[in-house]
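using only what follows, build the 3D model:
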Amino acid sequence: MPHAKILLPAQCRGARGLLNWSQGELADKAGVSRSTVKDFETERHALHHSTERLLIEALEAGGAVLIPGAETGEPGPGVRLKMVVD
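Residues are numbered from 1 along each chain as shown. As a prediction, the model looks like this:
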């Protein structure tokens, strides 16, 4: 069974920045409330697994690539664009 992706607050903020999305836009695309995105990104609370999955799917559909942490040999978690955004 593949390891589930884990979204970090900094990755979420970074992905939104690369996609030029507001917290509200991400919330709309993921089908969650803006306060859920805000509270997660400011580390007020953790996400339920199902909500995390919705955010990951929305960010990836928008063109973000979430890079896992050091356990895969990468220097650390991060984010990059899958394609150039106009």
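
which residues does V65 contact?
V79, R80, L81, K82 (CB atoms under 8 Å, 6 or more residues apart in numbering). Backbone N, C-alpha and C define where each C-beta goes, glycine included.

what's the answer for C12, then?
So C12 contacts L26, V37, F40, E41, L55, L59 (CB under 8 Å, 6+ apart).

please apply the same query to E25.
By CB under 8 Å, 6+ apart, the neighbours of E25 are R16.

before we move on, what SS does it have?
helix (DSSP: H, G, I helix; E, B strand; the rest coil).

pull up the gap between it and G62, please.
9 Å (CB to CB, to the nearest Å).

what's the answer for K29, then?
Distance, K29 to G62, using CB to CB: 7 Å.

what do you get for K5?
Distance, K5 to G62, using CB to CB: 15 Å.

just want to know which of those two has more residues nearby.
Each of K5 and G62 has its neighbours counted (other CB atoms under 10 Å); G62 has more, 20 against 13.

can you give me phi and psi for the residue nearest to the more buried one when sequence neighbours are not counted?
In space, and not counting its chain neighbours, G62 is closest to L19: 4.8 Å by CB to CB, 6 or more residues apart in numbering. Backbone torsions for L19, taken as degrees, to the nearest 10, come to phi -90, psi -10.

this completes my enquiry, with thanks.
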